[in-house]
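Undergrad: build me a structure from this.
(2 chains)
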Amino acid sequence: MSRRLEIPAAIAVGELAVRARGIGVQLDGKRILEGVDLDLHAGEVLALIGPNGAGKSTLLGVLSGDAALTTGTVEIAGVPLGDWHLQVLARQRAVLAQSNAVAFPFSVAEIVEMGRAPWRRTPLEGDDEPAVAEAMELTEVTRFAERAYPSLSGGERARASLARVLAQRTGIVMLDEPTAALDLKHQEAVLRIARERAAAGDAVVVVLHDLNLAAAYADRVALLADGRLHSAGAPEQVLTAETIAEVYQHPVEIVRHPRTGRAIVVPLRD
Amino acid sequence: MSTPASPRARRARAGLLALALLVALVIAALLSAGMGQLSASPVEVLATLLKQVGIDLGVVPEGPNVEAALTTIRFPRVVMSIVIGAALAVAGLLMQAIFGNPLAEPGVVGVSSGAAVGACSAIVFNLTFFGEWTVPVLAFGAGLAVTLLVYGLSRAGGRTEVVTLLLTGIALNAFCGAALALLTFLGDTSAREQIVFWQLGSLNGSMWQQVLVVLPFVLVGLTGAAFLARRLDLLALGEKSARHLGVNVEVLRVTAIVLTALLVGAAVAFAGIIAFVGLVIPHLMRMILGPAHGPLLITSTLGGALLLTVGDLIARTAVPFADLPIGMLTSLVGGPFFFWLLRRSRQRAGGWG
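TA: Here you go, the predicted model:
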């Protein structure tokens, strides 16, 4: 079998899916990221949080291979990112970008089918139909499957793009602010899907703005501040009133949910 | 028109359209071969054609020299219109896919104007180092060189920005326009006349020799485009998402641009500038079939061939004893179509910004 039709081995739960060390990114002499170490394990949801301009999306771009590194290394399943064949890598990790404009009026079904492109001519090509149907079911886009993508609302587009990423059925899933355009119900749905994927053994890293979503759904959170990794760990360790007040420069209170015990971040308001 | 529901329905519609276009193309070609200053019935045309491949129907065209005129003048011209029409339509489709914009035309990246400068230099300076092939060879070479230059200039950090690419194309087109004006100024009267007619575009005087030179280029271009079709679909998701799905975007772009230069350069070299085929045909096909590039490629090939065959027939027969420049005709029809496209896109999606 030729190199480009290789199917990457599944990563065992708890093993390192993504390993980033000493990540530094400079753009036009401006430091965007510096000295960031990050691990993502199979079977966990890792949330990247931090204020605007902290470098969350750039960090995700580094992990997905979009942003050029100034210093540091990224390994996917133990193999340096640069050594991956693009097509094989596309069977190992899927990425949902922040903006998802589509140039021509493809139907939603066609867009989701594109998520199966990396599997063409591999033995798993037969999964195309169920994978597409399942992804569209999960994101509730089946109802407008035949509509042209550019005619959809922002939230519908975001869900259709997410369906494409899910249909790719990869062991590593990277989501850049997947909840930004969504209503409450679909925000919860997206993170529930992320949790289900992690429970099934996949590694999920997701950039989030909403600290409460991060607290409720993430196994671990990584808090970025001014291009550096401020802290990383379980939500209850990282999301303390002092830390958040310091990083976001706004005083907050942390209360515990009476039933789940999960942290809820409440900004102090007059 | 909306994209049909299931993948099967989409394929069926594409197949039906391709068949209809093929039938129309055959009819148009037979009609075109028999009409003009020298006329022959479709049956006579068919009989002459079949005789060439060794099947004798026993029908001989009336009038002296009709058979010879058909085989040496008319047939190569009809074949040339088919080949060039297909080449221009597919080149347009490729550029639109690369730019992610249905308004992109091969002329935008500078192939046409580059080719014009090459061809006109040969005419003005009486260059003959490739014998009678000097004009077409220089046209093709210069078109390709300009295209690669545009691409080289608009690349930064190993990636290409679509906006920069388009703007560089505009700047280079302006420069080539000035070079063309200078050449027209420098040339003597006969050279000027040649330049003007070459810029208008015409299939008049097509010869088998020329067809045989163009055909391999166009076949390579069409075959190459067929291999890119699926990846071009993914490119519609944007460069990043296409890369996340395993597409080597840079390689895809370079390949598509070289294929475009090959197709347009080869077409332009013998027939001059024939604009808007690459705009109108892919757009019409997209309206009927939706934007997937596989079916678009097949139907655009046939549609472009049909359009130019019919266009050439009109150019030859609209005014008695005159051969209108076909480039003028296509622009006359294509220009208003372009305006309509602009208006329609503005109404639907607020324009292209």
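Undergrad: who in chain A is up against chain B?
TA: A:64-66, A:68, A:86-91, A:93-95, A:97, A:99-107, A:110-111, A:113-115, A:117-118, A:120, A:146, A:148, A:150, A:164, A:168 (C-beta under 8 Å from any C-beta of the partner chain). For every residue, glycine as well, the C-beta is placed using N, CA and C.
Undergrad: report the central residue of the chain.
TA: Here I'm looking at chain A. In chain A, the C-alpha closest to the average C-alpha coordinate belongs to A:L175, at a distance of 2.2 Å (C-alpha atoms, centre = their mean).
Undergrad: was after chain B, sorry
TA: When chain B is reduced to its mean C-alpha position, the closest residue under C-alpha atoms, centre = their mean turns out to be B:L88, at 1.4 Å.
Undergrad: in what element of secondary structure is B:A104 found?
TA: Secondary structure here is read from DSSP states H and E; on that basis B:A104 sits in neither a helix nor a strand.
Undergrad: wait, it sits on B:L93?
TA: No: with contact defined as C-beta atoms under 8 Å, B:A104 and B:L93 do not form a contacting pair (9.8 Å).
Undergrad: who has more neighbours, these two?
TA: Each of B:A104 and B:L93 had its neighbours counted (other C-beta atoms under 10 Å in any protein chain shown), and the higher figure belongs to B:L93 (32 against 24).
Undergrad: gap between that one and chain A?
TA: When distances are taken as C-beta to the nearest C-beta, to the nearest Å, B:L93 and chain A turn out to be 11 Å apart.
Undergrad: packing partners of the host helix or strand of that residue?
TA: Secondary structure here is read from DSSP H and E; on that basis B:L93 sits in helix B:75-99. Packed against helix B:75-99, as judged by 3 or more C-beta pairs under 8 Å, 6 or more residues apart in numbering or on different chains; DSSP states H and E, are the following elements: helix B:7-34, helix B:162-186, helix B:208-235, helix B:249-271, helix B:277-289, helix B:293-317.
Undergrad: helices or strands next to the helix or strand following that helix in the packing?
TA: From helix B:75-99 onward toward the C-terminus, using DSSP H and E, the following helix or strand is helix B:111-124. Packed against helix B:111-124, as judged by 3+ C-beta pairs under 8 Å, 6+ apart, are the following elements: helix B:134-153, helix B:162-186, helix B:189-200, helix B:249-271.
Undergrad: out of the helices and strands packed on helix B:75-99, nearest to chain A?
TA: Proximity to chain A (C-beta to the nearest C-beta) singles out helix B:208-235 among these, at 5.7 Å.
Undergrad: from the stretch 1-150 of chain B, which residue is nearest to chain A?
TA: Closest contact between the stretch 1-150 of chain B and chain A, by C-beta to the nearest C-beta, is at B:G100 (3.4 Å).
Undergrad: how near is that residue to B:L237?
TA: 10 Å (C-beta to C-beta, to the nearest Å).
Undergrad: list phi and psi for A:A234.
TA: The phi/psi pair for A:A234 (degrees, to the nearest 10) reads phi -60, psi 150.
Undergrad: can you pull the contacts of it?
TA: By C-beta atoms under 8 Å, 6 or more residues apart in numbering or on different chains, A:A234 lies in contact with A:219-221.
Undergrad: now, of those residues, which are buried?
TA: Among the contacts of A:A234, those classed as buried by neighbour count (16 or more other C-beta atoms under 10 Å in any protein chain shown) are A:220-221.
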